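Asker: Structure of the sequence below:
(one chain, ligands or ions: 3)
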Amino acid sequence: MPLLLRGVRPYGEGDPVDILVRDGLVAAIGADVDDGDARVLELAGAVVLPGFVDLHTHLREPGREDTETIATGSAAAALGGYTAVFAMANTDPVADNAVVVEHVWRRGREVGLVDVHPVGAVTVGLAGEKLAELGTMANSLARVRVFSDDGRCVHDPLLMRRALEYSTALDAVVAQHAEEPRLTVGAQAHEGEAAARLGLAGWPAVAEESIVARDCLLAHHTGARLHVCHVSTAGTAEILRQAKERGTRVSAEVTPHHLLLDDGRLAGYDPVNKVNPPLRTAADTAALREALAAGVLDCVATDHAPHAPQDKDCEWASARPGMLGLQTALSVVVSTMVQPGLLDWRGVARVMSERPAEIGGLADQGRPIEVGEPATLTLVDASATWTVRGAELASIAHNTPYEGMELPGRVVMTLLRGRITAYEGEVAT
Ligand SMILES: NC(=O)N[C@@H](CC(=O)O)C(=O)O
Ligand SMILES: [Zn+2]
Ligand SMILES: [Zn+2]
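Answerer: Numbers count the residues shown, from 1 in each chain. Ligands and ions are numbered 1, 2, ... in the order given. Sure thing, here's the model as predicted:
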C-alpha cells in the first residue's frame, strides 16, 4: 500500500511537505501531494533523513545467541533508525569463509528489518597468522566488501599490507581495530590520571596512534583503502588529518560513546563503562567532535557490543569490553553534535548515512531524498526527549552506558525500500 508521510521536513529544512511513497520509491514530494489510496501518516514536522548505515555492529550470531541474534539486533537497528548494518566477523565460528558470511546474509534477509552485510575476517579465525579467503567471501552471495578482524588488530605489517593489496583488487576496504597489542598487555582503562588513581593498568593513546600511523603509510604505499574503526584519541584524528591531506585513501569512524563519555566515568568501577578502545579524556571527546564536524572523521559507527550479564556484572578486570549502541546512537549525536551547533541535519545525514554507505560500498543506501530514489528513510522527532532503560531496548543484552539518562531526539519511523520497519517504538511484524 502506498504511504503518504504528511508534514515532514527533509533534512530538517524549510516548511513541512508531504512525501508519497509508492512501490518502494519516493514518488512525490511537495505541498499538496495527491494521496489517492495511500495510507496517510501525520508526522508533525518530523525531520526526514536517509536511513542510517552502521559500519560496525556486533550481532553475536552465530555463537552467542544468548546476548544478541540477527533478529533482535535487526530490531534494535530498525528502532534506532538504521536501514543497513555491517555485522562484525568476531562470531563463533568466525565469519572467515563463504559459508558463515552467507549464513549471516541469508538470516538478515529472512528477518528483513534491515540490510545485514556481513564483514569478513581478514585472517583465519582472527588469529592474525594467515589471510582468510577474501576473494571467496567477496564472490559469495553476501558480496563482502568490508574486511576486519575487529576485536583484534591485524598486527603483522606484512599481513596488513597483503590484505590491503588484495582488497584493492576486490574493490573492498580493510577496517582496522587499531591497537598495538604489545602496548596494551593487561590494559584496563585509558592510561591517564583516572586509571592511575584507581590502580587500573593503562591503555595508552599511543597504542592506537602507532597502528593508525603505520596503516596510513601502508595504505598510501599500496594505494588501497583503509578504514579506521572506533577512533578514540585526539592524536589519531591529527594523524588522519595529515594522511588525508597527503591523499591517502583513509576513512574513519567514531562511536557515540567516545563522543559523549570520558574516563571520569571510571570512578564507580562499573564495568558497563569498560570498552575497547577505552573511554578517553574530556579533551579527547572535544577533539573527536571537532574532527567529526570537520570531516576528518567520516562517520559515526555504533560498535554495538552486547554482552551477557555474567560477562558485565562482575569485577572490572574480568568484564568484557563493549556497550550497546544501536538504539541510542542518534540521540547521542543530537546531544553531542546537533545541539552544540557542530552539525546540522544535513551533517547528520552525511555522518550517519551517506558516508558510511559510500565506505561500505552500498549503492542503494545513503541516497538523496528525491523523487525516484529508494524510500529508505529515517524520521526523527527532533524536539522529543526520552529516558534510556536498558531493559526496554530490543537487544537481549542490557549493557547500555546511558541507563537512566535523558537524551534528546527520537526516531519516529524507519522505512526500508518503502516498507515501515519501525514506527513509534514498535518493530514491524
Ligand atoms: N568494542 C568492544 O569493546 N568490544 C567489541 C570488540 C571491538 O569492537 O573491538 C566486542 O566484540 O565486544
Ligand atoms: Zn574493535
Ligand atoms: Zn567492534
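
Asker: check contacts around the residue of the stretch 251-400 of the chain found nearest ligand 3.
Answerer: Relative to ligand 3, the nearest point of the stretch 251-400 of the chain is residue 303 (4.4 Å; C-beta to the ion). C-betas here are computed from N, CA, C, even on glycine. By C-beta atoms under 8 Å, 6 or more residues apart in numbering, residue 303 lies in contact with 56-58, 229-230, 255, 257, 275, 322-323, 325.

Asker: Among those residues, which ones are in strands?
Answerer: 56-57 (DSSP state E).

Asker: Of the contacts of residue 303, which count as buried by neighbour count?
Answerer: Buried members of the contacts of residue 303, scored by 16 or more other C-beta atoms under 10 Å, are 56-58, 229-230, 255, 257, 275, 322-323, 325.

Asker: Could you say which helix or strand holds residue 47?
Answerer: strand 39-50 (DSSP states H and E).

Asker: Next one: the closest residue to residue 179 other than its chain neighbours from ligand 1, what distance?
Answerer: Once flanking residues are discounted, residue 179 sits nearest to residue 153: 4.5 Å by C-beta to C-beta, 6 or more residues apart in numbering. From residue 153 across to ligand 1, the span is 9 Å (C-beta to the nearest ligand atom, to the nearest Å).

Asker: my read: residue 153 touches residue 182, true?
Answerer: No - contact criterion C-beta atoms under 8 Å: residue 153 and residue 182 do not qualify, at 10.3 Å.

Asker: Which one's more surrounded, these two?
Answerer: When residue 153 and residue 182 are compared for neighbours, residue 153 comes out ahead with 21 against 9, by other C-beta atoms under 10 Å.

Asker: So which bits of the stretch 1-150 of the chain are right by ligand 1?
Answerer: Residues of the stretch 1-150 of the chain lying close to ligand 1 (C-beta under 6 Å from any ligand atom) are 58, 90, 150.

Asker: ok, those vs residue 410, which is closest?
Answerer: residue 58 (24.1 Å; C-beta to C-beta).

Asker: Which strands or helices does the one helix or strand residue 219 maps to pack on?
Answerer: Here residue 219 sits within helix 205-222, counting by DSSP H and E. When contacts are defined as 3 or more C-beta pairs under 8 Å, 6 or more residues apart in numbering; DSSP states H and E, helix 205-222 packs onto helix 157-169, strand 173-176, strand 226-228, helix 234-246, strand 250-254.

Asker: the domain parsing of this structure - what is it?
Answerer: For the chain, automatic domain parsing gives the domain ranges 3-48+373-427, 51-360.

Asker: picking up where we left off before, list the strands paired with the strand holding residue 47, with their directions.
Answerer: strand 3-10 (parallel), strand 377-387 (antiparallel) (DSSP bridges).

Asker: SS state for the residue nearest to residue 179?
Answerer: Going by DSSP: H, G, I helix; E, B strand; the rest coil, the secondary structure assigned to residue 153 is coil.

Asker: do you know how far it is from residue 371?
Answerer: 45 Å (C-beta to C-beta, to the nearest Å).

Asker: how many other residues sit next to the closest residue to residue 180 other than its chain neighbours?
Answerer: Counting by C-beta to C-beta, 6+ apart, residue 180 lies nearest to residue 207, which is 4.6 Å off, once chain neighbours are set aside. Residue 207 has 22 neighbours, counted by other C-beta under 10 Å.

Asker: My guess is residue 207 contacts residue 184. True?
Answerer: Yes - using C-beta under 8 Å, residue 207 is in contact with residue 184, at 4.9 Å.

Asker: show me what contacts residue 144?
Answerer: 101, 117-120, 134, 137-138, 172.

Asker: Determine which two of the residues you listed are furthest apart.
Answerer: Across the contacts of residue 144, the longest distance by C-beta to C-beta is 15.0 Å; it joins 117 and 134.

Asker: Comparing those two, which residue is more hemmed in?
Answerer: residue 117 (26 against 22).

Asker: Test my guess that that one contacts residue 88.
Answerer: No - with contact defined as C-beta under 8 Å, residue 117 does not reach residue 88; the gap is 10.7 Å.

Asker: Up against ligand 1, what does the stretch 201-350 of the chain have?
Answerer: 275-276, 303, 305, 320-322.

Asker: Among the residues you listed, name the ones in helices.
Answerer: Of these, none are assigned to helices by DSSP state H.

Asker: Could you save those as CSV and add columns showing pLDDT and distance to residue 8?
Answerer: Output for those, formatted as CSV (pLDDT from 0 to 100; distance: C-beta to C-beta, whole Å):
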residue, pLDDT, distance to residue 8
275, 98, 35
276, 98, 39
303, 99, 30
305, 98, 33
320, 98, 41
321, 98, 39
322, 98, 35
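
Asker: of all those, which two lie farthest apart?
Answerer: 303 and 320 (13.1 Å).

Asker: Mind listing the shared neighbours of the two?
Answerer: With C-beta under 8 Å, 6+ apart, residue 303 and residue 320 have no common neighbours.

Asker: Regarding the residue in the stretch 301-429 of the chain that ligand 2 sits nearest to, what are the backbone dihedral angles?
Answerer: Using C-beta to the ion, residue 303 is the residue of the stretch 301-429 of the chain that sits closest to ligand 2, at 6.5 Å. Main-chain torsions, residue 303, degrees, to the nearest 10: phi 50, psi 40.

Asker: I'd assumed residue 210 was in contact with residue 183.
Answerer: Yes - using C-beta under 8 Å, residue 183 makes contact with residue 210 at a distance of 7.2 Å.

Asker: Where does the stretch 51-200 of the chain get nearest to ligand 2, residue-wise?
Answerer: residue 177 (3.6 Å).

Asker: Excluding chain neighbours, what is closest to that residue?
Answerer: Ranked by C-beta to C-beta, 6+ apart and with sequence neighbours excluded, the top spatial neighbour of residue 177 is residue 150, at 4.5 Å.

Asker: May I have the residues that are in contact with the one you found?
Answerer: Residue 150 sits next to 56, 88-90, 119, 175, 177, 229 when contact means C-beta under 8 Å, 6+ apart.

Asker: Make TSV out of those and add pLDDT.
Answerer: Shown next, in TSV, are the contacts of residue 150 (pLDDT from 0 to 100):
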residue	pLDDT
56	99
88	99
89	99
90	98
119	99
175	99
177	99
229	99
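
Asker: Now do the SS call for residue 291.
Answerer: helix.

Asker: List the residues that contact the closest residue to residue 420 other than its chain neighbours.
Answerer: Of all residues not flanking residue 420 in the chain, residue 428 sits nearest, at 5.4 Å (C-beta to C-beta, 6+ apart). Residue 428 makes contact with 78, 113, 419-422 under the criterion C-beta under 8 Å, 6+ apart.
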